[in-house]
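Undergrad: build the 3D model from these lines:
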Amino acid sequence: KMSEVENTFRKFAIYGDTSASGNDMTGKNFSKMCKDCGVMDGKAVTSTDIDILFYKVKTKGARTITFVEFQQAMKELCSKRFKGKSPEEALQAVYGLIEGKEPSSVGATKATKVGGVERLTDTSKYTGSHKLRFDKNGKGKGLAGRQDLTDNSGYVGAYKGAGTYDK
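TA: Okay, the predicted model is just below:
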């Protein structure tokens, strides 16, 4: 039973750190693990409680906790998370939440089109010279839309009789 919890501990210990061995866990990863596994519920156990507990169990001067210190933290945390249960039942309930979990990074960086972005990227609402950079479908015209292309025919711009001199 402990091997499942220890396996989860190691997965979260190496999360986001390529040089981590998996034996020690940082405060950030401890907090992430408690949040992802549902130990931190926002009511009985908050992120502040998790941070305080982390600094309570870690060795003085250290920046990480070992698995043994992690077990000590869970013993202190379980009675707070599962009030009314015996310490053994509460500890097993917390371990039940943790077992077999992995760090979730789904939706970490999502491109969102919230109100303002949609309005700002709608080319049909562009005015002035910016309007000329896009065709009717909203597709960019490329270089032709960004630069005034010169007409080297020898006539003044907007001259109606261009090309009629020889006739």
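Undergrad: just the C-alpha atoms of the helix or strand that contains residue 117, please, in CSV.
TA: Residue 117 is located in helix 115-120, with elements delineated by DSSP states H and E. What follows is helix 115-120, C-alpha atoms only, in CSV (Å, rounded to 0.1, in the frame of the first residue of the first chain):
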residue,chain,number,x,y,z
GLY,A,115,-14.5,39.0,-25.2
GLY,A,116,-11.8,41.6,-25.9
VAL,A,117,-9.6,39.4,-28.1
GLU,A,118,-12.5,38.4,-30.3
ARG,A,119,-13.5,42.1,-30.9
LEU,A,120,-9.9,43.2,-31.5
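Undergrad: need the residues that contact that helix.
TA: For helix 115-120, the surrounding residues in contact (CB atoms under 8 Å, 6 or more residues apart in numbering) are residue 125. In short, each C-beta sits where N, CA and C put it, glycine included.
Undergrad: go on, stretch 158-167?
TA: 153, 155.
Undergrad: alpha carbons of that stretch, as CSV, please.
TA: Taking only C-alpha atoms (Å, rounded to 0.1, in the frame of the first residue of the first chain), the coordinates of stretch 158-167 have been written out as CSV:
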residue,chain,number,x,y,z
ALA,A,158,-5.0,58.8,-60.6
TYR,A,159,-4.6,60.2,-64.1
LYS,A,160,-7.6,59.0,-66.2
GLY,A,161,-5.9,59.0,-69.6
ALA,A,162,-2.9,56.8,-68.8
GLY,A,163,-1.6,55.0,-71.9
THR,A,164,-3.3,57.2,-74.5
TYR,A,165,-0.4,59.4,-75.5
ASP,A,166,0.6,57.3,-78.5
LYS,A,167,-3.0,57.3,-79.9
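Undergrad: what mean pLDDT does it get?
TA: Predicted confidence along stretch 158-167 averages 76 (mean pLDDT).
Undergrad: I figured residue 123 hits residue 138, correct?
TA: Yes - the criterion here is CB atoms under 8 Å, and residue 123 meets it with residue 138 at 4.0 Å.
Undergrad: more crowded one of these two?
TA: residue 123 (15 against 11; other CB atoms under 10 Å).
Undergrad: how about that one, what does it touch?
TA: Residue 123 makes contacts with 134, 138, as judged by CB under 8 Å, 6+ apart.
Undergrad: longest helix of the protein, counting residues only.
TA: Counting by DSSP state H, the longest helix found in the chain is helix 67-81.
Undergrad: fine by me, we can end here.
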